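# here is a sequence together with a model predicted from it:
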Amino acid sequence: MKAAFDENLLLQGLAKNDKKAIEVIYKDHYNMIQALVLQNSGTTEDAKDIFQEGILVLYEKVIAGNFELNCQIKTFVYAVCRRLWLKRLMQQNRFTISDGFEEMISVDTESEEHEKKNTEFMIMEKALSGLGEPCKSLLEAFYMQKRSMSDIALGFGYTNAENAKNQKYKCLMRLKKLFFSQYKTELP
Amino acid sequence: MKLLETVERYILGQMSPDERVRFEQLRKSNAEIDQAVVEHTYFLQQMNRFDETRQLKNTLNETHIHLAEKGLIQSPKLKGKAKVVYLYNRYKKVSMIAASIAGITALTISALVWSFNPAKTANQEDVVQLKRDLDNFGKKVIQIQKENRVLTQKIDDAKEENPAPIRYKSGGTGFLIDTKGFIVTNAHVVMDARHIAVQNTTGVDLSAEVVYSDLQRDLAILKITDKSFKSPSSIPYAIRRSGGELAEAIFTLGYPRNDIVYGDGYISSRTGYNGDTLACQIAIPANRGNSGSPILNRNGEVIGIISNKENTVEGAVFAIHSKFIFEALSDLQKDSSYRNLKISTTSSLKGNERMQQVKKIADFVFMVKVD
């Protein structure tokens, strides 16, 4: 019972991007995934990628709020990473996994959802980088770092907050346009 | 735009109660505005999620490096050999065929280039090497130093006379490639050097010596011999084997003057001066002293080294491909005392903001001073 309690704490930490919790999760599970990937014709670099993606899936699950840990983190991460790696192997037309591990829990919906979120992330990244400076920094400062408009005006050298705000809306319109045009082509 | 502003104020809850009621009515009656609200809510969510995911990715990367350094997770280096052998066995045939094709292609191309290349001896002079001329432009500094020296001598009169300090006349930039104090710079920077000192952001001079120099590729490797040099635990950036792509965004850090200077630009051509395939052309502000500066891409991977610029054309700077660092290194490793030199091929700067990247890199870029 105590273990389950601790794991829930860890998950809460993960949701808050808490370094200590992430370090514990990382330390406890990384070697297992690395072994899985290395045994199945992957490299350490692949292992790192797959493991971090697996943690991302766990994170998405937790912040979505509908996640109840009915198995250990270990089981979940293993199942997800195994699935992700299998998929990547199939994309590269290489052979399939053999670890004698029948799927204990189904992670179909997770991996589908994750794929969608991953695409969304990439589209946003592309849209932001396509925006150019200073638009990109301006929007990041306001919407992500949540800095105040007057603070931003000062930092970017606008004469007053009102000007900065107008510029911000112009940038935002451009970003939305970039984002949604990509969005429609990649996620029909 | 007005609409967007209103919608955003509505979503962020910045409206007065009255305004809010009025807006909600409008929203009910006007489908277009309703759609705008839904769309913008979704978009703000997307931006938030993007930021959170990016932060988490950063944390994960940092955690990985941190744990690997402490040895709490199995270090990737331990597994390196098995992978190489595996890949070697797997792709033996393919690579042999590929190599022979590559060989034939290379021969054909070099034959073609040979026959079409214009004579290049005459106008070699319009390329200047970006060595820093300390004498010309640090005259004031030297004067102050002189005055200082007079003062210190007065103080030290009672003591023994110190040996005259070395006056460094020219120099460039270099950057660390191995934690044991190996620095890459241009061969022309350290040509005919009697004394070499390197200095990083802390401002302390460390003596160094040339352990490898290849004038044709314009690459040199220095080793810091000073006892006061402290090995860093790791190097944040990686050296990339493959070259950069056309139009790829790049940045550089160097010492065109007595303080470190940042510049950014892009790769403008895959070949260097007069079609030189050892180099590529970049668009980046560079001055004397930038010779030997690393060129990094957005992932914090070194893809080249600044070497020289064209005199007659503004903004044409040339850089040596980073893969030659590997070649220089394997030459150097023929000497057994340098066998354990190791270049980092994974960058820990991936996904970081540029400002953080630069902050982390700055300590590993050195001013190279030559007498």
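In hand now; what should we look at?
# so where is chain B shaky, pLDDT-wise?
Filtered on pLDDT under 70, chain B yields the residue ranges B:1, B:75-94, B:116-148, B:150-168, B:311-313.
# could you pick out the longest helix of it?
helix B:31-70 (DSSP state H).
# is any part of that helix close to chain A?
Yes. Applying Cβ under 8 Å from any Cβ of the partner chain, one finds that helix B:31-70 is in contact with chain A at B:43-44, B:46-57, B:59-61, B:63-64, B:66-67. C-beta coordinates here come from the backbone N, C-alpha and C atoms, glycine included.
# which of these count as buried?
B:43-44, B:46-47, B:49-54, B:56-57, B:59-61, B:63-64, B:66-67 (16 or more other Cβ atoms under 10 Å in any protein chain shown).
# low-confidence ranges in chain A?
A:1-5, A:66-70, A:93-108, A:186-188.
# recalculate using a threshold of 80.
The model of chain A has pLDDT under 80 over residues A:1-8, A:64-72, A:90-113, A:132-134, A:150, A:152-162, A:182-188.
# buried residues of stretch B:181-191, list them for me.
Applying 16+ other Cβ under 10 Å to stretch B:181-191 flags B:181-191 as buried.
# what of stretch B:13-20?
B:M15.
# tell me how many other residues crowd A:E112.
Neighbour count for A:E112, taken as other Cβ atoms under 10 Å in any protein chain shown: 10.
# got it, and the one 3 residues further on?
Taking other Cβ under 10 Å as the neighbour definition, A:E115 ends up with a count of 13.
# so which bits of chain A are right by chain B?
Residues of chain A lying near chain B (Cβ under 8 Å from any Cβ): A:17, A:19, A:22-23, A:26-27, A:30-31, A:34, A:38, A:41, A:43-45, A:48, A:52, A:55-56, A:59, A:63, A:117, A:120-121, A:124-125, A:128, A:139-140, A:143-144, A:169-170, A:172-173, A:176, A:179.
# and the helices in chain A?
For chain A, the helices defined by DSSP H cover A:2-15, A:19-39, A:44-64, A:73-91, A:108-131, A:135-139, A:149-156, A:161-186.
# deepest-packed of the ones you listed, please.
For the helices of chain A, the largest average neighbour count (mean count of other Cβ atoms under 10 Å in any protein chain shown) is found in helix A:44-64, namely a mean of 21.
# between the two ends of stretch B:229-245, how far is it?
Stretch B:229-245 has its terminal residues 36 Å apart, counting by Cα to Cα, to the nearest Å.
# quick check: B:L329 touching B:K342?
No. With contact defined as Cβ atoms under 8 Å, B:L329 does not reach B:K342; the gap is 9.2 Å.
# which residue is nearest the middle of chain A?
Among the residues of chain A, the one closest to the centroid is A:L56, at 4.4 Å (Cα atoms, centre = their mean).
# burial measure for B:G103, as a count.
10.
# helix, strand or coil for it?
Assigned with DSSP: H, G, I helix; E, B strand; the rest coil, B:G103 falls in the helix class.
# relative to B:I97, how far out is it?
The gap separating B:G103 from B:I97 is 11 Å, by Cβ to Cβ, to the nearest Å.
# and what of B:N61?
37 Å.
# quick one: contacts for the closest residue to B:T179 other than its chain neighbours?
Distance criterion Cβ to Cβ, 6 or more residues apart in numbering or on different chains; nearest residue to B:T179, sequence neighbours excluded, is B:S231 at 4.8 Å. For B:S231, the contacting residues are B:179-181, by Cβ atoms under 8 Å, 6 or more residues apart in numbering or on different chains.
# the helices in chain B, which residues?
B:2-11, B:17-29, B:31-70, B:80-116, B:134-137, B:139-156, B:323-332, B:354-362.
# which helices and strands sit right next to the longest one?
Where contact means 3 or more Cβ pairs under 8 Å, 6 or more residues apart in numbering or on different chains; DSSP states H and E, helix B:31-70 is packed against helix A:19-39, helix A:44-64, helix A:108-131, helix A:161-186, helix B:2-11, helix B:17-29.
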